[in-house]
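[1] mind looking at a prediction? Sequence and model below.
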Amino acid sequence: MTDASAAALWLGSLELVGALVFASAGLLDMCARRRSAAVRRQIWALAIAVALVLPLPRLALAASGLRLPDALAAGLLAVWAFGAASLLVRLVRGHALARRQALQGAPIVAGPWHETAQEFAGGPRVALRACRSARTPMVVGIVQPIVVVPTAMLDAPPAERRALLAHELAHVARGDCLLALAGGLARALYWPDPLAWWALRRLRAHAEDAADDAALHTGIPSSSYAAQLVAVARAQLERAGRVAADGLRARVRGVLDVRRIRSREPDGLRWGYRG
């Protein structure tokens, strides 16, 4: 058996096992539909972690006795490598652009947002920056996280400021930036499998729902917070397209759903602020 044939068969078996992991996570997610978003997020986080370490034990297994034609094996490997490399480039480029955007923003060291941020004490340290090009608050960075605040939201009322900060700081406390990076790597590794793409979407959706629950724990009325999300959805529709806006609409429905089990407030909303 040639090296290309062995590699293609090994990769194919890895993709199949990965598909089984993602399918199992999807089944568990369905069974946990009455649990909180934080619990369901953990299901997908575990699935992605397992998928990323799967290549290590697979290397220890004996090679398959099957054989593929050399041309076919080389073609399959080339297609997989091209797709994986494209997704990795897009992942790195996206993180680099987001960090560049954050660093171009003006540090917030005084004013209402600074004062609201000081209400949170202890835990991971973050910085605040105001960015004109940002459409919605977001967290950038893993080791030194930055909360980016759109310039248009600097005059937000106190209750909205606290809810928005609670949402972003919940992402920091739960390590969602690192988890999203891991999910992107898993998608690049298993990109031929539609379940890998679905896994990343479900992970992101549950992470956002859990962060929304943290925002609601600040006491803001669900109707007011939903109105914030509607405004963001309109901006996203203009800039990022219907897919991103549809995701925000789903969050609005979740915020207004009085029957939904809410995630627990992470660490009592106690995070550090680095001005």
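    Arrived safely. Residues are numbered from 1 along each chain as shown.

[2] ok, the top strand by length along the chain: who's next to it in the sheet?
    Longest strand in the chain, counting residues (DSSP state E): strand 125-131. Strand 125-131 sits in its sheet next to strand 106-107 (antiparallel), strand 146-150 (parallel), strand 272-273 (parallel), going by DSSP bridges.

[3] so in that sheet, which strands flank the helix or strand just after it, and in what orientation?
    Note on strand 125-131: by DSSP states H and E, the next helix or strand toward the C-terminus is strand 138-140. The strands beside strand 138-140 in its sheet (DSSP bridges) come out as strand 146-150 (antiparallel).

[4] buried stuff in the partner strand?
    Going by neighbour count (16 or more other C-beta atoms under 10 Å), the buried part of strand 146-150 is 146-150. Every C-beta, even on glycine, is put in place using the N, C-alpha and C of the backbone.

[5] who touches the longest strand of the chain?
    With C-beta atoms under 8 Å, 6 or more residues apart in numbering as the test, strand 125-131 has contacts from 101-108, 113-114, 117, 139, 144-151, 154, 169, 172, 271-275.

[6] go again with 6 Å.
    101-102, 105-108, 113, 117, 145-149, 151, 172, 272, 274 (C-beta atoms under 6 Å, 6 or more residues apart in numbering).

[7] do the same with stretch 30-42
    For stretch 30-42, using C-beta under 6 Å, 6+ apart, the contacting residues are 29, 206-207, 209-210, 261, 263.

[8] filter these down to the ones in helices?
    Among those, the members found in helices (DSSP state H) are 29, 206-207, 209-210.

[9] list just the nearest of those to Ala134.
    Ranked by distance to Ala134 (C-beta to C-beta), the ones in helices among the contacts of stretch 30-42 are led by Ala207 at 18.9 Å.

[10] that closest one and Cys131: what is the separation?
    22 Å (C-beta to C-beta, to the nearest Å).

[11] and Leu154, by the same measure?
    From Leu154 to Cys131 the distance is 11 Å (C-beta to C-beta).

[12] run a quick neighbour tally on Ser24.
    Using other C-beta atoms under 10 Å, Ser24 has 13 neighbouring residues.

[13] the nearest residue to Arg132 once chain neighbours are set aside: neighbour count?
    Of all residues not flanking Arg132 in the chain, Thr151 sits nearest, at 4.5 Å (C-beta to C-beta, 6 or more residues apart in numbering). Using other C-beta under 10 Å, Thr151 has 13 neighbouring residues.

[14] and the gap between Thr151 and His217?
    In terms of C-beta to C-beta, Thr151 sits 27 Å off from His217.
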